[in-house]
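Q: here is a sequence with its predicted model. Questions after.
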2 protein chains.
Amino acid sequence: MPGAFSSDDERELRQAERDVTHAFDTQPFDFSALLAVSNVFRAATAVRNHMEREVLSPHQLSWSAFVVLFVLRVWGARESNELAAEAGITGGTLTGVLSTLERRGFAKRKPHATDGRRVVVHPTAKGRRTVDQIMPVFNHHEAIVTADLSDHDRRELARLLRSILRRLDTE
Amino acid sequence: MPGAFSSDDERELRQAERDVTHAFDTQPFDFSALLAVSNVFRAATAVRNHMEREVLSPHQLSWSAFVVLFVLRVWGARESNELAAEAGITGGTLTGVLSTLERRGFAKRKPHATDGRRVVVHPTAKGRRTVDQIMPVFNHHEAIVTADLSDHDRRELARLLRSILRRLDTE
DNA sequence: GCGAGATCGTTCGCTTCCAAACGATATTGT
DNA sequence: ACAATATCGTTTGGAAGCGAACGATCTCGC
């Protein structure tokens, strides 16, 4: 059912909407877009902080370091550019993350067989083991933060977000 | 209608699901939670990068700096701790952001009337003017990135995300 | 072949970001 | 009254993060 807010939630929301409208009284805003985007951020930072605190910090791993390691664990050795794209970070940032990962023995850079410019990143046994140890806990917390959503809602959420991603890809 | 993916999208998705399942064949995962959470991040970073590039960088403002300035513009002077909470950053980070904002003349710190520890942050006229200038463009881009979603979809998206936020608040 | 241009990872300068430690100020218990 | 405790903003140290500039390497046109 649409509009199934808690009344507190809805009141606070409408108040914020009024405040913003009032603040910019000369301009009409697209509120559904504003609310959608701003909530994507609030949710992302809240979940990220939660995960880093509850799941990742015991292993001294940052979010990005874990994502990179996860990709290596599931799909095996990758080239740097693929890795950066899948982790959603730039090449410059990946260099730093890889330094950390390599220093701590989770991954290893190797030269490409035929192309002297490229680098292939391999997970180490320790790296794979660490992901295997973290992943169940991580997934459990993913279930916790989405506990108020039905399975259908979660898939719907993922679908709506992919629509945004697709739109940004094609720009 | 549920499941209204493009077929390419869906195929890629199912393949990724198979890959992950195969990689961790001893453990069953909650996939709807995994997909929901991971897409929240992909979308957030993609939109954030887009906004910083297209809207904020001409004004030399970071995302956080803009959020803080926006809060000051709409709700007026705030104390530091409120500001940090609403911007989704820690106190230490806010100090740095405020230094930048103050240096560039967008905001100003003033001592609290009765409590010598606290600081009240005020927007300057220049700060308000800058937000007024950016906000229409920002909102226009919010509309662009959510262009493939109906108005109903956008509100549904915001609702689902708020459910996650509420869950994290009450932990 | 071989020079022009593209592509790759790294480096650089700068900002953001967090957790933890720190001083300064308030509040509380006794 | 006054020590113990709590709270506030800042500082610190280290990792992320970006865009731009850079050298090294490859590709393409001729």
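A: Cool, the structure landed. Numbering: from 1, shown residues only, chains lettered A, B, ... in the order given.
Q: low-confidence stretches in chain A?
A: A:1-9, A:171 (pLDDT under 70).
Q: chain A: strands as residue ranges?
A: Here chain A has its strands, by DSSP state E, at A:78-79, A:107-111, A:119-123.
Q: out of those, nearest to DNA strand D?
A: strand A:107-111 (9.2 Å; CB to the nearest atom of the strand). Every C-beta, even on glycine, is put in place using the N, C-alpha and C of the backbone.
Q: skip the chain neighbours and tell me the closest residue to residue A:45.
A: Spatial nearest neighbour of residue A:45, excluding adjacent residues (CB to CB, 6 or more residues apart in numbering or on different chains): residue B:88 at 4.5 Å.
Q: from memory the one you found sits against residue A:40, does it?
A: No: assessed by CB atoms under 8 Å, residue B:88 is found out of contact with residue A:40, at 11.9 Å.
Q: picking up where we left off before, format the strands of chain A as a markdown table; extra columns: distance to residue A:165 and mean neighbour count.
A: Below are the strands of chain A laid out as a markdown table (distance: least, CB to CB, whole Å; neighbours: other CB atoms under 10 Å in any protein chain shown):
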| stretch | distance to residue A:165 | mean neighbour count |
| --- | --- | --- |
| strand A:78-79 | 20 | 16 |
| strand A:107-111 | 26 | 15 |
| strand A:119-123 | 24 | 19 |
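Q: output those strands as CSV; include the columns distance to residue B:18.
A: Listed next are the strands of chain A as CSV, based on distance: least, CB to CB, whole Å:
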stretch, distance to residue B:18
strand A:78-79, 18
strand A:107-111, 24
strand A:119-123, 20
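Q: looking at the ones you listed, which is closest to chain B?
A: Closest to chain B of the strands of chain A is strand A:119-123 (CB to the nearest CB; 11.2 Å).
Q: tell me the angle the closest one makes with strand A:107-111.
A: The directions of strand A:119-123 and strand A:107-111 differ by 150 degrees, with axes from the mean of the first three to the mean of the last three CA atoms, to 10 degrees as the criterion.
Q: hmm, what's the outermost residue in chain A?
A: residue A:26 (36.2 Å; CA atoms, centre = their mean).
Q: now it: phi and psi?
A: Per-residue torsions, residue A:26: phi -90, psi -20 (degrees, to the nearest 10).
Q: now do the same contact list for whatever residue of chain A ends up closest to chain B.
A: At 3.4 Å from chain B, residue A:44 is the closest residue in chain A, using CB to the nearest CB. Residue A:44 is in contact with B:40, B:41, B:43, B:44, B:45, counting by CB atoms under 8 Å, 6 or more residues apart in numbering or on different chains.
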